[in-house]
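Asker: okay, sequence plus prediction incoming.
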Amino acid sequence: MALWRRLWRYPLLAAGLLVLLIGMWGGLLRTGWPWPWVAAATVPYHGALMIGGFLGTLICLERAVALGQRWTYLAPLAAAAAAFVLAAGVRASLGEMLLTLASALLVAQFVLIVYRQWAAFTIVMGLGALAWLIGNLIWWSGRPLVDAVPWWTAFLVLTIAGERLELSRFLPRRPGQRPAFQVASGLYGAGVILGTWWPGLGWALAGVGLLSLAIWLAVFDLARRTVRQQGLTRFVALCLLTGYFWLATAGVMAVIATVVLPLYQGLGGQWVTMAPMAGLMYDAILHAIMLGFVFGMIFGHAPIIFPAVLGVRIIYRPVFYAHLALLEASVALRITVDLLGW
């Protein structure tokens, strides 16, 4: 491994993990825990730190390592810098600008990736990067952060879906497999776009898309076969399959919140403009995706991605299941208390 690559990789990965800890600490403050040592600025920017700071840094770093060009490392550098600026409470506009720069550089990375390999999965992941850029531009323009969240969520969902679509190439093609993915991802993307003007309609359509994507992944993904194996392979598959369950759960809750409940409450045509933009249902939907789905993917992919990024070997141990079980229990607890109104 070239020396300049080591000098970029290790500090950027360490910065991403530090942002994760700061973002998690800020999340505890948001729930009312009087934890010390963390600036109050982490509270309003918890989502930006976790999505743009932590995950943005790691995803940009992963792409930079794959491309192997020096300029590509500017993307994770900008994402990490944005997170530290936001956490320090220096200037929110500076953090928003740096996040926008990071996402623009990631889009540029994917322009190069798609040029080198024109395929459905590279296009899907590229659209995920574009969604992150749009969300950051919305936030930077002065609109409420909550308006950017659906786009940020699309960044993660499409990135992961594209990666799993790539691996599905190693399985025999089944009838309707590709069209089903296109319909599911199209519904989800259309819901995110429509939600900018008609939040209720957008969330409803996006919810159907999330449920459809979860079903597609559960049926066609490689994890359905590898879960029958042993060791690390089975652990990774279980992380993925439980993640798909939470993605489907988020889709169902989004439809219930935007269609079933408004109709039950007799709101009639007003449902088009109503969306769970705050409150316990919003919290349940968002964290079913972010914790249940996204962190399930992280737990599953970390033993594979970290060796690729760091150039070191991670040895599987059965104790890996302990942190997976803790994650699943915490997500189930959080969604349960949200739905029960505790």
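Answerer: Okay, I see it.

Asker: number of nearby residues for the residue nearest to Arg169 when sequence neighbours are not counted?
Answerer: Distances taken as C-beta to C-beta, 6 or more residues apart in numbering put Phe121 closest to Arg169, at 7.9 Å, once the chain neighbours are dropped. (Glycine included, C-beta is placed from N, CA and C.) Phe121: 18 surrounding residues under other C-beta atoms under 10 Å.

Asker: need the phi and psi values for Phe121.
Answerer: Backbone geometry at Phe121, expressed as degrees, to the nearest 10, gives phi -70, psi -40.

Asker: what pLDDT does it get?
Answerer: For Phe121, the model assigns a pLDDT of 89.

Asker: ok, it - contacts?
Answerer: Gly162, Glu163, Leu165, Glu166, Arg169 (C-beta atoms under 8 Å, 6 or more residues apart in numbering).

Asker: quick check: longest helix of this protein.
Answerer: Taking DSSP state H as the criterion, the chain has its longest helix at helix 3-30.

Asker: run a quick neighbour tally on Ile134.
Answerer: Counted with other C-beta under 10 Å, Ile134 comes out at 22.

Asker: now it: how far from Ile285?
Answerer: Separation of Ile134 from Ile285 (C-beta to C-beta, to the nearest Å): 20 Å.

Asker: so the nearest residue to Gly231 once chain neighbours are set aside, which state does it fall into?
Answerer: Nearest residue to Gly231 in three dimensions, chain neighbours excluded: Tyr316, at 5.6 Å (C-beta to C-beta, 6+ apart). Applying DSSP: H, G, I helix; E, B strand; the rest coil to Tyr316 yields a three-state assignment of coil.

Asker: count the neighbours of Tyr316 for me.
Answerer: When neighbours are defined as other C-beta under 10 Å, Tyr316 has 14 of them.

Asker: contacting residues around it?
Answerer: So Tyr316 contacts Gly231, Leu232, Phe235, Pro303 (C-beta under 8 Å, 6+ apart).

Asker: what's the spacing between the residue nearest to Val236 when sequence neighbours are not counted and Phe306?
Answerer: Of all residues not flanking Val236 in the chain, Gly300 sits nearest, at 4.4 Å (C-beta to C-beta, 6+ apart). Between Gly300 and Phe306 the computed distance is 12 Å (C-beta to C-beta).
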